[in-house]
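Undergrad: quick one, structure for this:
(chains A and B)
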Amino acid sequence: MHIKYESQLREPLVYGDKNFHQVTEDILRPIEVKPSRLWYIGFFIAVTLLLFGVYSLYREVTYGVGQWNLNKTIGWGWDITNFVWWVGIGHAGTLISAILLLFRQGWRTGVNRAAEAMTIFAVMCAGQFPIFHMGRVWLAFFIMPYPNSRGPLWVNFNSPLLWDVFAISTYFTVSLLFWYSGLIPDLASVRDRAFTKLRKKLYGIASFGWTGSTKHWQRHESLSLVLAGLSTPLVLSVHTIVSFDFATSVIPGWHTTIFPPYFVAGAIFSGFAMVQTLMLVVRKVFGLTDYITIGHIEMMNKVIVLTGSIVGIAYLTELFMGWYSQNKYEGYTFWYSRAYLFSPYGWSYWGMMACNVLSPQIFWSKKMRRNVFVTFFMSIIVNIGMWFERFVIIVTSLYRDYLPSSWSVYYSPSIWEIGFYAGTFGLFFTCFFLFAKYFPVIAVAEIKYVLKRSGESYKTDMNTLEAQPLDKFIHDNAHAH
Amino acid sequence: MAQKKFVVGCFDNENVLFPAVKQVRTAGYKIKDVYTPFAVHGLDHALGMRETSLHTAGFIYGITGTTTAVSAISWIFTKDWPLNIGGKPHFALPAWVPIIFELTVLFAAVGMVLTFCYLCQLAPGVKKHHFHKRATDDLFVMVIECTDKTNTEDLKALLSANGAIETDVQVAEEGWWFGTYDKEDNLYNEKQLA
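TA: This is a model prediction of the structure:
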């Protein structure tokens, strides 16, 4: 038998006395009953925001990017800030589903499905910003390399902006495939529990005729493992390439080799904060506290304090290098435009420092890591901080360029620029509400897989095993192969 | 498509399932498949299945992506339209690494998922016979194909003796066909949901 033994010292991943059927029942129930009033209110707000975003975009497409208060000096403002922010949020989903799978972290099973969905929706939101920033968005297909009647005029394969096109589109495609291939068995469970013909038909189509055959499971496991192996370098490459958009330029404050690791750590940091925000709501609203446990929340808070501190070290390294390089432009950017509190944008730098570096240190305390309210509050703070970080990088490097006559201190976004950002929130939450209503938010089959090893009631059986003498225990439980 | 006769035995515990698989195979029956609600590790070996080669296919798709990227970009930038970018070399391999990598991953992932769907005959609109509804919920469903010589009663008795909680004989299509699941009338009992 291949049921592995797990020590009592580890916290259970599933609380309560469950069997396989109970797991199916608990997780699929919320999508089989009418949604609560809270769901309708949330969905309504999300759709309203989305519509406001669509109107803001209508203004932008009709009148041009001048609708946003971008100017010659600050050519990247809120839009690219938001782009980097959303892409970063997506990274946590892939980290949980791919990297933690390779590291064999059992706790990923509770949160991976929803985190992957979050990744897909966040990348969808992110993609809007560079596309609409092009101005003439109806010519957006020019970024694809295809034989055309304009020469053929090819795209520039040496440009980090094109690398971005490939990175983001590959990331979206691979995340979608990974997510959906994992969903198929769970959708089959929904199909087989369908109590109306329409449900049976739609989930039948969506589950691709999955039967649960052993051979199919074997291939499915192989597929998940290889996709995880592919997604792991992919996710690191995506934010690396996003950071190349800045790092390969010669703008003071951008032209640094520290950017790739610093951006990736920041992405995971903000992504985990968003996962916390969503999970804390989902586990409460859907009554899934047995599956998304305090233990899961604590694990994610540990990742937050780790990546937050990595980001903090990166900030300090940048400041140090700004002085140590003795380059006056670098020095000016880091020590005046950013770190000097009373410079025009000094507030954003210190806002970032407070949110990203100082406040997450609270999670060194176990009590705080396991406190739901503190976690929820901190998850919002971290995401505000990470938004500030991208704003700081973009705007403080741009607003005073090499030519003092074109210095532009008073950039503030227009309502349509803010509206576009609000609209992506609308898109994100509209998608997430629909996901939570129609798809299982927890990977049912994966929970069943860990249930007998890490479920609370099964772990108590281990007490008898642990009471045995060591020799007998090893003899009985060691793997035969 | 041919209708065939199958003997079905349902188990509710994988600790019972493994010895039962062994017993049934030792008795000389050929197990068609075991349908499980989740990936039961080791069951494929217990059933005598060979390892899947899906990952090899993934590797081949990956290097196809690499080759596509390298050859396409180098042809475009050195032959078709050599673009002078600050006097730098036309064949700028280091600058192409990101796109080469992305296409490798893209080809491998898309190719593998399509191959997976092809091998398992999975696609929207595909329908197969399901031997037991609870195979996607909490039962491990062992299916044995009957030959002319099979005594179904003996086999059912063997399954029950080895811990099957339910046994029956079904005549069913073996392959897949296009169809929707709502044509079956046996919807989930609403009382079970309430």
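
Undergrad: from here on, just use CA atoms for contacts and neighbour counts.
TA: OK.

Undergrad: OK, contacts around residue B:69?
TA: Residues in contact with residue B:69 (C-alpha atoms under 8 Å, 6 or more residues apart in numbering or on different chains) are B:99, B:100, B:103, B:104.

Undergrad: ok so the second one is a helix residue?
TA: Yes - the assignment for residue B:100 by DSSP: H, G, I helix; E, B strand; the rest coil puts it in a helix.

Undergrad: pretty sure it contacts residue B:70?
TA: Yes - shown here, residue B:100 and residue B:70 form a contact pair, counting by C-alpha atoms under 8 Å, at 6.5 Å.

Undergrad: more crowded one of these two?
TA: Between residue B:100 and residue B:70, counting by other C-alpha atoms under 10 Å in any protein chain shown, residue B:100 is the more crowded of the two (23 against 17).

Undergrad: tell me how many other residues crowd residue 32.
TA: No chain in the question, so chain A it is. Neighbour tally, residue A:32, other C-alpha under 10 Å: 19.

Undergrad: wrong one, chain B
TA: Here the neighbour count serves as a burial measure; for residue B:32 (other C-alpha under 10 Å) it reads 16.

Undergrad: again, but for the one 4 residues further on
TA: Applying the criterion other C-alpha under 10 Å, we find 26 residues in the vicinity of residue B:36.

Undergrad: which bits of the stretch 201-350 of chain A sit near chain B?
TA: With C-alpha under 8 Å from any C-alpha of the partner chain as the criterion, the stretch 201-350 of chain A meets chain B at residues A:201, A:204-223, A:226-227, A:230-231, A:234, A:237, A:241.

Undergrad: just the buried members of those residues?
TA: Applying 16 or more other C-alpha atoms under 10 Å in any protein chain shown to these, the neighbour count classes A:201, A:204-223, A:226-227, A:230-231, A:234, A:237, A:241 as buried.

Undergrad: right, and the helix or strand after the helix or strand residue A:116 falls within?
TA: Counting by DSSP states H and E, the element that carries residue A:116 is helix A:108-133. Per DSSP H and E, the first helix or strand lying C-terminal to helix A:108-133 is helix A:160-192.

Undergrad: for that following helix, give the mean pLDDT please.
TA: Per-residue pLDDT values across helix A:160-192 average out to 93.

Undergrad: who touches whatever helix or strand comes next after it?
TA: Remark: after helix A:160-192, the chain's next helix or strand is helix A:197-206, criterion DSSP H and E. With contact meaning C-alpha under 8 Å, 6+ apart, helix A:197-206 is reached by A:184, A:187-188, A:190-192, A:194, B:123-127, B:180-183, B:187.

Undergrad: inside helices: which ones of the buried ones among the residues of the stretch 201-350 of chain A next to chain B?
TA: Cross-referencing these against helices under DSSP state H gives A:201, A:204-206, A:214-223, A:226-227, A:230-231, A:234, A:237, A:241.

Undergrad: what's the domain layout of chain B?
TA: As assigned by automatic domain parsing, chain B contains the domains B:3-37+B:139-193, B:54-119.

Undergrad: element containing the one residue sitting closest to the centre of chain A, please.
TA: Ranked by distance to the mean C-alpha position of chain A (C-alpha atoms, centre = their mean), the top residue is residue A:90 at 2.7 Å. Residue A:90 is part of helix A:78-94 when elements are defined by DSSP H and E.

Undergrad: so that helix, near chain B or not?
TA: No - judged by C-alpha under 8 Å from any C-alpha, helix A:78-94 and chain B are separated, with a smallest distance of 14.3 Å.

Undergrad: helices or strands up against that helix?
TA: helix A:108-133, helix A:214-247, helix A:259-285, helix A:372-398, helix A:415-438 (3 or more C-alpha pairs under 8 Å, 6 or more residues apart in numbering or on different chains; DSSP states H and E).

Undergrad: contacts for the helix or strand following it, please.
TA: Beyond helix A:78-94 in the direction of the C-terminus, DSSP H and E gives the next helix or strand as helix A:100-102. By C-alpha under 8 Å, 6+ apart, the residues outside helix A:100-102 that reach it are A:108, A:225, A:228, A:229.

Undergrad: one more: stretch A:382-395?
TA: Among residues not part of stretch A:382-395, those counted as contacts by C-alpha under 8 Å, 6+ apart are A:74, A:76-78, A:81-82, A:84-85, A:253-254, A:266, A:269-270, A:273-274, A:338, A:345, A:348-349, A:351-356, A:360.

Undergrad: now the buried members of those.
TA: Applying 16+ other C-alpha under 10 Å to the contacts of stretch A:382-395 flags A:74, A:76-78, A:81-82, A:84-85, A:253-254, A:266, A:269-270, A:273-274, A:338, A:345, A:348-349, A:351-353, A:355-356, A:360 as buried.

Undergrad: wait, what's in contact with the closest residue to residue B:30 other than its chain neighbours?
TA: On the basis of C-alpha to C-alpha, 6 or more residues apart in numbering or on different chains, the spatially nearest residue to residue B:30 that is not a chain neighbour turns out to be residue B:144, at 6.2 Å. With contact taken as C-alpha under 8 Å, 6+ apart, residue B:144 is in contact with B:6, B:7, B:8, B:29, B:30, B:31, B:32, B:33.

Undergrad: in a strand, residue B:144, correct?
TA: Yes - with three-state DSSP as the criterion, residue B:144 is located in a strand.

Undergrad: that one and residue A:76, how far apart?
TA: In this structure, residue B:144 and residue A:76 are 65 Å apart, going by C-alpha to C-alpha, to the nearest Å.

Undergrad: what's residue A:76 sitting at in phi/psi?
TA: Reported as degrees, to the nearest 10, the phi and psi values for residue A:76 are phi -110, psi 120.

Undergrad: show me what contacts it?
TA: A:70, A:394, A:395.

Undergrad: same thing but at 7 Å, please
TA: When contacts are counted by C-alpha atoms under 7 Å, 6 or more residues apart in numbering or on different chains, residue A:76 is found next to A:70, A:394.

Undergrad: before we move on, back to that, what residues does the nearest residue in space to the residue nearest to the centre of chain A that is not next to it in sequence make contact with?
TA: Once its chain neighbours are removed from consideration, residue A:90 has its nearest residue in residue A:119; the separation is 3.8 Å (C-alpha to C-alpha, 6+ apart). Applying C-alpha under 7 Å, 6+ apart, one finds that residue A:119 lies in contact with A:89, A:90, A:91, A:93.

Undergrad: same deal with residue B:136?
TA: Counting by C-alpha under 7 Å, 6+ apart, the residues that residue B:136 touches are A:188, A:189, A:212, B:36, B:37.

Undergrad: name the nearest of the residues you listed relative to residue A:177.
TA: residue A:188 (16.9 Å; C-alpha to C-alpha).

Undergrad: distance check, that closest one against chain B.
TA: As for residue A:188, its distance to chain B is 7 Å (criterion: C-alpha to the nearest C-alpha, to the nearest Å).

Undergrad: surely that residue and residue A:212 touch.
TA: No - the criterion here is C-alpha atoms under 7 Å, and residue A:188 misses it with residue A:212 at 8.6 Å.

Undergrad: tell me the confidence at the residue sitting nearest the centre point of chain B?
TA: Nearest residue to the geometric centre of chain B (C-alpha atoms, centre = their mean): residue B:120, 4.3 Å. Turning to residue B:120, the model gives it a pLDDT of 91.

Undergrad: and for residue A:421?
TA: The model reports residue A:421 with a pLDDT of 94.

Undergrad: next: residue A:474.
TA: Residue A:474 is given a pLDDT of 72.

Undergrad: from residue A:131, how far off is residue A:138?
TA: 9 Å.

Undergrad: buried ones in stretch B:84-100, by neighbour count?
TA: Result for stretch B:84-100 [16+ other C-alpha under 10 Å]: buried residues B:90, B:96, B:97, B:98, B:99, B:100.

Undergrad: much appreciated, bye for now.
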